[in-house]
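In: Model the structure of this input:
(one chain, ligands or ions: 2)
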Amino acid sequence: GQNFGYDGDQGPANWSKEYHTCIGKHQSPINIDEHNVTNVSLPPLKLIGIDNPHQSYVTNTGHTVTLKINESKAVMLSGGPLRDTYVFEQLHFHWGENDFEGSEDLINNHSFPMEMHAVFYKEDYNSFKEALNYSDGLAILACLYEVSSQPNPTYESIVKVLPEIEKKDMGKVLQEPLLLESIFVPDIAKMQDYFTYSGSLTTPPCLEVAKWIDFKDHQQLSHDQLAAFRDIRNWEGNKLTHNFRPVQPLEGREVLHNIP
Ligand code: BO1
Ligand code: ZN
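Out: Ligands and ions are numbered 1, 2, ... in the order given. From the prediction side, this is the model:
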């Protein structure tokens, strides 16, 4: 079922009781130790369809806030460490109870208050669900956030609707079409500076099907913008104060750092 959580009996330490893949050897998230990465120069990472606005809707899944767009195959990812073309499925967020934790991947053991995942499935597999059956099924862009004194205007349209999707399965179409470019990457000029490694979904069923691409550059959100996420409710009706999985063993995996 979907009844996993982030505390106690339902917490990450117990996920593997119901979902055996959660104790696999290629799990996410990880700590990225910048002194233990392999510097590489990969072909350009290409994001198409993010430079024009898309009608978007946000949903409270009971585990996170997800954003989807209405058009299919309008946003695609290729290049970099990827052999094929990947289709945008959804993006969502992970956060913590306070401004000192919340990210899933850590950099040099440092936590950030929030992390965004933009999930893409391999076009050849035709759907997100089908792609989950293949080790190269998904590509996931990750972006880390820092706390800033000023609210980030780009995120205001999302933050504003959070009180209207307080309960699980509530959804809302954003008033204005959203320019995904400004959500995906802090600065398009720094997009080729990223870490990449092979890993898993960070929630049950923890399938080991994802190529992770973590932008090195960060985005900013104010304390109040971060706090708005902590007020939505989970599948049990309690406040979803935090939804990040702790880091998992690297188990000999190599983390690449693409130097533009
Ligand atoms: S993440 O980016 O690794 N945090 C991630 C985690 C889970 C999903 C996508 C990205 N998707 C989930 C769906 C569930 C579904 C599950 C397996 O995949 O949200 O509804 O049950 O199909
Ligand atoms: Zn995620």
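In: Mean pLDDT per helix and strand in the chain: which one sits at the bottom?
Out: The weakest-scoring helix or strand in the chain, judged by mean pLDDT, DSSP states H and E, is helix 180-184 (a mean of 94).
In: what comes into contact with that helix?
Out: 47, 49-51, 54, 67, 69, 75, 88, 91, 116, 118, 141, 143, 154-155, 188 (CB atoms under 8 Å, 6 or more residues apart in numbering). (Each C-beta comes from the backbone N, C-alpha and C, glycine too.)
In: Show only the entries of these found in helices.
Out: Using DSSP state H, no member of the contacts of helix 180-184 falls in helices.
In: Next to ligand 1, which bits of the stretch 151-260 of the chain? Give me the list.
Out: 201-203, 205 (CB under 6 Å from any ligand atom).
In: Inside strands: which ones of the contacts of helix 180-184?
Out: 47, 67, 69, 88, 91, 116, 118, 141, 143 (DSSP state E).
In: can you count the residues close to the fifth one?
Out: Taking other CB atoms under 10 Å as the criterion, the count of residues near residue 91 is 26.
In: and if you look at the one 3 residues further on?
Out: Taking other CB under 10 Å as the criterion, the count of residues near residue 94 is 27.
In: and whichever strand or helix holds residue 212, what other elements does it pack with?
Out: Following DSSP states H and E, one finds residue 212 within strand 210-222. Helices and strands touching strand 210-222, by 3 or more CB pairs under 8 Å, 6 or more residues apart in numbering; DSSP states H and E, are strand 138-148, strand 194-199.
In: now, which of the ones in strands among the contacts of helix 180-184 sits nearest residue 108?
Out: Checking the ones in strands among the contacts of helix 180-184 against residue 108 by CB to CB gives residue 143 as the nearest, at 17.3 Å.
In: Pick out the most distant pair among the ones in strands among the contacts of helix 180-184.
Out: 69 and 143, at 17.2 Å, using CB to CB across the ones in strands among the contacts of helix 180-184.
In: Name the residue in those two with the higher neighbour count.
Out: Each of residue 69 and residue 143 has its neighbours counted (other CB under 10 Å); residue 143 has more, 25 against 21.
In: Counting neighbours, what do you get for residue 181?
Out: When neighbours are defined as other CB under 10 Å, residue 181 has 17 of them.
In: From residue 233, how far off is it?
Out: For residue 181, the distance to residue 233 (CB to CB, to the nearest Å) stands at 31 Å.
In: Got a PyMOL select line for the buried ones in the contacts of helix 180-184?
Out: Here is the PyMOL selection string for the buried members of the contacts of helix 180-184, based on 16 or more other CB atoms under 10 Å:
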select buried, resi 47+49+50+54+67+69+75+88+91+116+118+141+143+154+155
